[in-house]
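Student: mind looking at a prediction? Sequence and model below.
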Amino acid sequence: MNGLALLFCLLVTQAPSVEVLTLNEARHQGTLESFSATTVVVKTETESISVPITEVLSLRSLTPATTPSTEPLLIIRLVDGSQLMVRSLLSSANAMTVVHPQLGKLTLASTSVASVRLAPPDPKIEMDWDQLLSRTAKRDMVAVRKGDVLDHLDGVIGSLNETTLQFQLDGDDIPVKREKVFGLIFSKRDAAAKKSLARLDLVSGDRLMLKQISWTGTAWKGRLVSGLDLEIDTPSLRSIDFGASKITYLSDLEPQNVKYTPFYDYPGTYVWEYRRDKDFEGKRISLGQKSYDKGLAIHSQAQLKYRLGGDYRRFQAIIGIGDEINEGNADVTVKSNDKILFRGVARTAEPVEAGGVQRPAPQVLDLDVTGVVELEIFVGFGSEAGVNRDTGDRVYFANAKLVR
């Protein structure tokens with residue numbers, strides 16, 4: 001092998017550059033040394049770091065992405081939540097054959113397809129298409145564009161070739177010109193019962209819901225929840241997100257019970273109801289001058305109870321009085337099965353050794369909830385002299401999540 005050929009092989013087989021984010025928000029950047037069902041190993045400039053797969057939240061490619069193609073693509077949504085953007089599509093009663101720019105020729109079981117968008121996006125009818133997708137369809141729907149309006153026909157979708165869609169309407173077989181069809185929406189089909197292990201995103205914008213994932217050293221191999229096997233070359237990978245299978249944000253759950261006790265027990269007294277994923281002004285939660293997309297905003301005095309059913313290992317959150325508040329003091333208690341897991345104070349000022357006061361940093365919670373059936377969060381009025389009132393008692397649980 002001459003020198004040029006050797007250099008080419010080294011470039012092709014070079015390990016990808018990645019960032020691994022863990023459940024405790026540690027970040028490890030380097031080259032991907034190995035990936036298995038149990039461990040991810042990242043080689044940094046100084047060492048090889050082994051991370052148990054149970055602790056990995058996401059793996060993100062650091063290789064500069066190629067510019068996505070601007071060619072118009074058809075969008076296929078599968079019942080498992082995957083989304084494929086393909087160049088061409090033909091279908092029979094049992095299968096769809098598609099050509100994907102990166103994944104090549106694929107055969108999909110017809111029962112795994114939820115919808116197909118055959119026309120390019122257009123803001124004029126975007127809302128109409130979204131409304132059709134949001135329906136629980138009892139029969140198949142063919143969306144047909146009429147000017148700036150999207151109409152639809154209910155019936156049974158048949159085969160699709162380059163020119164014609166076979167469609168059954170009220171028992172009659174009707175051929176529909178493909179060029180007139182905006183999209184196809186199939187009657188409600190049950191998604192695969194098995195939950196996804198991870199979501200894999202391609203640089204092209206495709207989303208793949210996987211139940212299996214492996215790395216050969218040169219490419220990624222995955223199996224969709226719906227059963228399709230795929231091979232993804234390294235440059236096509238944007239990220240692999242394991243979060244959905246490992247964490248549940250508390251703000252995505254409904255409390256089993258909520259109880260409010262206003263500071264003044266008078267008729268008509270305003271009650272500060274808890275909020276999800278925003279502060280009490282409707283903005284993003286902010287603690288320590290950092291903003292968060294997920295979390296709970298709880299005002300004193302409130303008690304929230306969640307049923308966990310023993311399904312989780314850790315409860316993690318960042319807590320404190322919101323940055324928009326200048327003076328506040330509240331007691332915080334987290335209990336499980338009548339056992340106190342955390343008891344503390346959220347405040348806007350604390351004394352320092354040199355005299356005076358300073359604003360404390362938000363507190364980081366990482367609590368063991370193994371076997372816990374019920375989790376209770378209580379925010380009280382606060383007990384410090386001179387500040388025993390509810391003014392400013394806005395306690396935020398930023399990034400509050402349960403880890404399996």
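Tutor: Looks like it arrived, so ask away.

Student: what distance separates the start and the end of stretch 153-166?
Tutor: 13 Å (Cα to Cα, to the nearest Å).

Student: buried stuff in that stretch?
Tutor: Within stretch 153-166, the residues that count as buried by 16 or more other Cβ atoms under 10 Å are Leu153, Gly155, Val156, Ile157, Gly158, Leu160, Leu165, Gln166. In short, each C-beta sits where N, CA and C put it, glycine included.

Student: check stretch 298-308 too.
Tutor: Ile298, His299, Ser300, Gln301, Ala302, Gln303, Leu304, Tyr306, Leu308.

Student: cool, stretch 92-102 as well?
Tutor: Met96, Val98, His100, Pro101, Gln102.

Student: again, but for stretch 57-77
Tutor: Across stretch 57-77, burial judged by 16+ other Cβ under 10 Å covers Leu57, Ser58, Leu59, Arg60, Ser61, Leu73, Leu74, Ile75, Ile76, Arg77.

Student: rounded mean pLDDT for it, please.
Tutor: Mean per-residue pLDDT for stretch 57-77: 82.

Student: looking at the buried residues of stretch 153-166, which is nearest Phe397?
Tutor: Of all those, Phe397 sits closest to Ile157, with 46.6 Å by Cβ to Cβ.

Student: buried sites along stretch 109-129?
Tutor: Under 16+ other Cβ under 10 Å, the buried positions of stretch 109-129 are Ser112, Val113, Ala114, Ser115, Val116, Arg117, Leu118, Ala119, Ile125, Asp128, Trp129.

Student: got the buried residues of stretch 153-166 as CSV, with distance to Thr136 and secondary structure columns?
Tutor: Shown next, in CSV, are the buried residues of stretch 153-166 (distance: Cβ to Cβ, whole Å; DSSP: H, G, I helix; E, B strand; the rest coil):
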residue, distance to Thr136, secondary structure
Leu153, 17, strand
Gly155, 17, strand
Val156, 17, strand
Ile157, 17, strand
Gly158, 22, strand
Leu160, 23, strand
Leu165, 23, strand
Gln166, 24, strand
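
Student: closest one of these to Asp331?
Tutor: Ile157 (59.6 Å).

Student: residue contacts, that closest one?
Tutor: Contact analysis of Ile157 by Cβ atoms under 8 Å, 6 or more residues apart in numbering lists Asp140, Val142, Leu165, Gln166, Phe167, Leu184, Phe186.

Student: among those residues, name the ones in strands.
Tutor: Asp140, Val142, Leu165, Gln166, Phe167, Leu184 (DSSP state E).

Student: list the contacts of the residue nearest to the third one when sequence neighbours are not counted.
Tutor: Using Cβ to Cβ, 6 or more residues apart in numbering and skipping residues adjacent in sequence, the residue nearest Leu165 is Val176, 4.5 Å away. Under the criterion of Cβ under 8 Å, 6+ apart, the contact partners of Val176 comprise Val142, Val144, Thr164, Leu165, Gln166, Phe167.

Student: now, the most widely separated pair of those residues?
Tutor: Top of the distance list for these (Cβ to Cβ): Val144 and Gln166, 15.0 Å.

Student: mind listing the strands for the stretch 51-200 of the chain?
Tutor: Using DSSP state E, counting those that start in this stretch, the strands of the stretch 51-200 of the chain run over residues 56-61, 74-78, 83-86, 88-91, 95-100, 104-109, 113-117, 140-146, 149-160, 164-169, 172-177, 181-185, 198-202.

Student: show me what the last one is packed against.
Tutor: In terms of contacts (3 or more Cβ pairs under 8 Å, 6 or more residues apart in numbering; DSSP states H and E), strand 198-202 is packed against strand 207-215, strand 237-241, helix 243-246.

Student: okay if I get these as TSV plus mean pLDDT and mean neighbour count?
Tutor: Formatted as TSV, the helices and strands packed on strand 198-202 follow (pLDDT from 0 to 100; neighbours: other Cβ atoms under 10 Å):
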stretch	mean pLDDT	mean neighbour count
strand 207-215	94	19
strand 237-241	94	20
helix 243-246	82	16
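
Student: TSV for the ones you listed, including distance to Asn326?
Tutor: Below are the helices and strands packed on strand 198-202 laid out as TSV (distance: least, Cβ to Cβ, whole Å):
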stretch	distance to Asn326
strand 207-215	43
strand 237-241	38
helix 243-246	35
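
Student: wait, which of the ones you listed is closest to Val364?
Tutor: When the helices and strands packed on strand 198-202 are ranked by proximity to Val364 (Cβ to Cβ), helix 243-246 comes first, at 18.7 Å.

Student: so which elements touch the very next helix or strand once past the closest one?
Tutor: Per DSSP states H and E, the first helix or strand lying C-terminal to helix 243-246 is strand 247-249. Strand 247-249 sits against strand 394-403, with contacts defined as 3+ Cβ pairs under 8 Å, 6+ apart.

Student: for the residue nearest in space to the middle of the chain, give me its contacts.
Tutor: For the chain, the residue lying nearest the average C-alpha position, counting by Cα atoms, centre = their mean, turns out to be Ala244 (6.1 Å). Going by Cβ under 8 Å, 6+ apart, Ala244 touches Lys195, Ser196, Ala198, Arg199.

Student: what about burial for these, which qualify?
Tutor: For those, a neighbour count by 16+ other Cβ under 10 Å gives the buried set as Ser196, Ala198, Arg199.
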